[in-house]
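Q: Sharing a model that was predicted from the sequence below.
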Amino acid sequence: MELSSYISSMYGLGPKRAEVLASEAGISTIEDLLYYFPYKYIDRSRFYSVREVTSDSSYIQLHGKIKNIRKEGNGKNARLGCIFYDETGEMELIWFKGLQYVATQLNPLKEYIVFGKPNFFNGRFSIAHPELEEYTPNNVRQCVGWQAVYNTTIKMKKSYMTSANIRKIIYNALASLNNPIKETLPQYITEPLGLMPLNRAIRNIHFPENLDSLQKAQARLKFEELFYIQLSLLRQSKFNSSKSQGLLFNHIGDNFNEFYKERLPFELTNAQKRVLKEIRADVGSGKQMNRLLQGDVGSGKTLVALLSMLMAIDNGYQACFMAPTEILATQHYNNIRKMLGEMGVNVALLTGSTKKSERKIIHESLLDGSMNILIGTHALLEDVVQFSNLGLVVIDEQHRFGVEQRAKLWSKNANPPHILVMTATPIPRTLAMTLYGDLDVSVIDELPPGRKPIKTYHYYEDKRDDLLRFIKKQIDAGHQAYVVYPLIEESEKSDMIAAEQGYEYIATHLPQFKVSMVHGRMKPSEKDAEMRKFAANETQIMVATTVIEVGVDVPNASVMVIESANRFGLSQLHQLRGRVGRGAEQSFCILLTPYKLSNDTKKRIETMVGTNDGFEIAEADMRLRGPGDIEGTAQSGLPFDLKIADLAKDGEILMLARDTAEKILKNDPALSNKLNEILLIQLHKKSKNIIDWSKIS
Ligand code: ADP
Ligand code: MG
C-alpha cells in the first residue's frame, strides 16, 4: 500500500466502514487515516494483577482467562457476565449491550487482555464493558505502553469503529505500507532543530514506544503543522505587498500640527506616541499599511485613530472610521467633533438611522472630496458610499465585523487605503500571529496617567443588601453606576425582558435615584437618548444588557455591577468592566453569582478578581475555552483546522515555526532553491486547508 491508496482497498475494511470513515472523519486515503491523530493517551505501560485492584483504581489492564460465562435476565434487563481470573485472584466482567456479539468473542480456553475501570459492587470487583483482546504477541505490542485514544462519532461507533478498532485499523495500515513514510520537511530544518523524522513521528503518535518518543513525535508534528501555516501566510503577504502600491503620506501638515500643539487636551502617553510613530513609518513607506492596534479598554485608541486620520487629510486624502454599533459611532462622532472644534475639518456621521436627505448630502460631499472624515456603522459599506480619495480606513472593535464586510471597504479606492484595525479584546500573541498572518501589531500597553486600577469583587447573590448600600454610597458621593444583566436566551425579546426586570428591581430598591435603561430592542435613537441622559448625569444608574459592552465612555461612572456574572465569558466581563475606571476616581466592578459554580466559572471569576490586564485575561480565556472559541474567532472561525497543535499551549513551537519560515523566505523568497522544492510541494498540498486571510486583513 501507498499513502495515497484508498482505505477501501485495505484488507478487512469493508466498503461500508470505509464510507463511514470518509463521511464522519474525512478519511479516505491511508494518509488521511495516519493523520487522524489521537486526542489523548492512556497509560497502559504495565499489567496489573487481580490482587492489586483497589476501589480507587483508575483504568487498568490485566491479563488472564475467563470462566463461568452466563447470560442473565431478558430484554432490557439482559446482561452477560463472566469470571475473569489470573493466578492472584478473580473478578467479574459484565456487559449490558451487544451481548450476542460479545458472547461469540468469549472463549474459556483463550487468554485475554482486559482493560477498563474497576468498580466495587456486591462485595467484589467488576469491570463493566471492558475492552477485551486476545493475549497474543501482536496484541500485546499494540496494547502495552501509552495507548492512543481516538475521537469517534455515534455513527462510527454504530459501525463498530470504536477508538480501539480505529487503533487496529491504523496499526494495519502502518503495517501494510510498502515504504517508510516520506519526509515532508527538508533535512536542513529537521536536523538542527532535532526534529524526529516523519516516519518515526507518525508511528509514535499512534503507537508510542515510550513517553519520551511520544513527546518528540508530538513536537515534530506540531511544528510541521504550524510551520506550513506560517510559511503560507508569510509568503502570501510578501506577495501581496510586492504587488500593491501603498498610498504615500509623506508629510505632516497643518491639521495634525494644529491639533497636536493647540487642541490636544493632554499629553499623549508614551505608548500612544510609540504607536503613532509606527503608523507614520507605515504610511510613509510607500506600502499599504495593515496594522492591528491592540490596546486595553480606556488606553486611548480613539485619539491615535484621530491623529492618523489627520495625517491622511494633510496628505490630501479622506478617512473613514467604522464602529460596530450606532451608539459607538455616534459617540465617536461627538467626541471627534468636539476635539476638532473649529479646525475646519469636515466630519459626517452615517448610520442606519441617517435620514435620506442627509445621506444624499453626505454621499455628494464624499464624492466631491469636501468631506474629510466619515464616521459610521455598517452603513459605510453600502455600495452607494463612494469616496473621491479614500486614504485611511479605521475599524474599531474589529471582531464585530465579518471578513467579507471588511474586504468591501478595501475596495472603495483604486489603490487600497491604509488599514488600521483597533481592538480592545487583546488577542493572545500566538493567536494574533496565526489569525492575522502578517498584520503588523501595535500595542498600547499603558493607560493614561492618574487612572486607578479598578477594584473587582465577587459577591454571592444573597449579598444584595450590601450591594445596594454600596451603590447608594457611591452615588451619594457624586458617582454613577451601571448594572448589567445577561441574556437569558439569544433573542432581542429576552434582552428586553432581562433589562426591564432589572429596571424594576433597581427602581424599587433605590427609588431615590433616576434610572436609565438600554436594551437590544430599543431604537437606536432611544438608546442614544438614554445614553445621553446618563452621560449628562441626569440619571445616576444605567440598567443595561450587553449592548452597553463596547466602547461607551462615561468617566463619572465608578461602579459596574454584573448580574449573573457566571453567564458571561471572560473577554465580555473584561469589556464590561472597562466601562468604569475612566475617570480619576477609584472605580469598582462587582461580579454577582449564585453559590454553585462550575470549575471553569470559578476560574473566570478568579481571573477577573485577580487582574486588570487584558492580555492576561485573553490568555486565560484561550486556556479555558480553546482558541476556536475566543471572541472574534468564534464567529468567523479559525482559517484553518489544527489537528494537533494547540495555540494555547504551543506558543514556543509556534515562534520557532514562524522564525524558521521567516528565515527561509528571506533567503529564498520564491522557494526556487532545489532544497526547498519539498516545501512548495507541501504548501500546494496543504493549501486547500488554509484559507488565505492575509489577502483580506
Ligand atoms: P479606548 O478606545 O482605547 O478604550 P478611548 O480612546 O475611549 O479608549 O480613551 C479613553 C479615555 O481616555 C477618553 O476619555 C480619552 O479622552 C482619554 N485619554 C486618551 N488618551 C489620553 C491621554 N494620553 N491622557 C489622558 N487621557 C487620555
Ligand atoms: Mg474605543
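A: Nice, thanks for sending it over. Ligands and ions are numbered 1, 2, ... in the order given.

Q: Okay, residue 5 and residue 684: tell me how far apart.
A: Residue 5 sits 21 Å away from residue 684, going by C-beta to C-beta, to the nearest Å. (C-beta placed from N, C-alpha, C; glycine too.)

Q: The two: which is more packed in?
A: Using other C-beta atoms under 10 Å, the more surrounded residue of residue 5 and residue 684 is residue 5, with 17 against 9.

Q: Find the residue closest to the more buried one in space, skipping its chain neighbours.
A: residue 30 (5.1 Å; C-beta to C-beta, 6 or more residues apart in numbering).

Q: what about the one you found, distance to ligand 1?
A: Look at residue 30 and ligand 1: by C-beta to the nearest ligand atom, to the nearest Å, they are 52 Å apart.

Q: correct me, but that residue touches residue 13?
A: No - using C-beta atoms under 8 Å, residue 30 makes no contact with residue 13, being 10.6 Å away.

Q: shared neighbours of the two, which are they?
A: The contact sets of residue 30 and residue 13 overlap at residue 7 (C-beta atoms under 8 Å, 6 or more residues apart in numbering).

Q: can I assume residue 679 sits in a helix?
A: Yes - the assignment for residue 679 by DSSP: H, G, I helix; E, B strand; the rest coil puts it in a helix.

Q: What residues does it make contact with?
A: Applying C-beta under 8 Å, 6+ apart, one finds that residue 679 lies in contact with 186, 231, 664, 671.

Q: ranking the residues you listed by neighbours, who comes first?
A: In the contacts of residue 679, the most neighbours by other C-beta under 10 Å go to residue 231, 25 neighbours.

Q: Can you tell me the number of residues neighbouring the residue nearest to that residue when sequence neighbours are not counted?
A: In this structure, residue 231 finds its nearest non-sequential neighbour in residue 661, 4.2 Å apart by C-beta to C-beta, 6+ apart. Neighbours of residue 661 under the rule other C-beta under 10 Å: 22.

Q: Quick check: the gap between residue 661 and residue 194.
A: Residue 661 sits 18 Å away from residue 194, going by C-beta to C-beta.

Q: Same question for residue 297.
A: Shown here: residue 297 relative to residue 194, a distance of 43 Å by C-beta to C-beta.

Q: Quick check: the gap between the closest residue in space to residue 153 that isn't next to it in sequence and ligand 1.
A: Spatial nearest neighbour of residue 153, excluding adjacent residues (C-beta to C-beta, 6+ apart): residue 24 at 4.8 Å. Between residue 24 and ligand 1 the computed distance is 45 Å (C-beta to the nearest ligand atom).

Q: Show me the shaky parts of this structure.
A: Scanning the chain for pLDDT under 70 picks out the ranges 142-144, 240-244, 398-407, 409-410, 426, 435-439, 488-496, 547-552, 626-640, 688-697.

Q: biggest helix in it, by residue count?
A: helix 211-243 (DSSP state H).

Q: so what does it touch, helix or strand wise?
A: When contacts are defined as 3 or more C-beta pairs under 8 Å, 6 or more residues apart in numbering; DSSP states H and E, helix 211-243 packs onto helix 187-193, helix 198-206, helix 429-435, helix 651-667, helix 677-686.

Q: Nearest to ligand 1 among those would be which one?
A: Closest to ligand 1 of those is helix 429-435 (C-beta to the nearest ligand atom; 17.1 Å).

Q: related to what we said a few turns ago, between residue 297 and residue 194, point out the one with more neighbours.
A: Between residue 297 and residue 194, counted using other C-beta under 10 Å, residue 297 has the larger neighbour count: 23 against 9.

Q: Give the full set of residues in contact with that one.
A: Shown in contact with residue 297 (C-beta under 8 Å, 6+ apart): 424, 551, 574-575, 577-579, 614.

Q: Need phi/psi at it.
A: phi -50, psi 130 (degrees, to the nearest 10).

Q: From residue 472, how far out is it?
A: 26 Å.

Q: And residue 304, by the same measure?
A: If you go by C-beta to C-beta, the gap between residue 304 and residue 472 works out to 38 Å.

Q: if you count what's nearby, which of these two comes out ahead?
A: Remark: of residue 304 and residue 472, residue 304 carries more neighbours, 25 against 16, as counted by other C-beta under 10 Å.

Q: residues in contact with that one?
A: Per C-beta under 8 Å, 6+ apart, neighbours of residue 304: 272, 275-276, 279, 293, 422, 444.

Q: Please enumerate the helices of the stretch 351-500 of the chain.
A: Along the stretch 351-500 of the chain, counting by DSSP state H, counting those that start in this stretch, helices occupy 356-367, 403-410, 429-435, 464-476, 492-509.

Q: Go through the ones you listed and name the closest to ligand 1.
A: Ligand 1 lies closest, by C-beta to the nearest ligand atom, to one member of these: helix 429-435, at 17.1 Å.

Q: What count of nearby residues applies to the nearest residue to residue 535 once chain neighbours are set aside?
A: Spatial nearest neighbour of residue 535, excluding adjacent residues (C-beta to C-beta, 6+ apart): residue 554 at 5.0 Å. When neighbours are counted by other C-beta under 10 Å, residue 554 registers 20.

Q: Tell me who's in contact with the residue in the stretch 101-250 of the chain that ligand 1 sits nearest to.
A: Residue of the stretch 101-250 of the chain nearest ligand 1, by C-beta to the nearest ligand atom: residue 249 (21.8 Å). The contact partners of residue 249, by C-beta under 8 Å, 6+ apart, come to 280, 283-284, 311-312, 314-315, 317, 391, 418.

Q: switch to 7 Å and redo it
A: By C-beta atoms under 7 Å, 6 or more residues apart in numbering, residue 249 lies in contact with 283-284, 311-312, 315.

Q: Please identify the helix or strand for residue 91.
A: strand 89-95 (DSSP states H and E).

Q: Kindly report the same for residue 115.
A: Assigning secondary structure by DSSP H and E places residue 115 in strand 111-116.

Q: by contact count, what packs against that strand?
A: strand 60-72, strand 131-134 (3 or more C-beta pairs under 7 Å, 6 or more residues apart in numbering; DSSP states H and E).

Q: hang on, the earlier thing: hmm, who's touching the strand holding residue 91?
A: Applying C-beta under 7 Å, 6+ apart, the external contacts of strand 89-95 come out as 50-51, 53, 79-84, 102, 114, 124-130.

Q: picking up where we left off before, listing partners with orientation, what would you give for the strand holding residue 115?
A: Using DSSP bridges, strand 111-116 pairs in its sheet with strand 60-72 (antiparallel), strand 131-134 (antiparallel).
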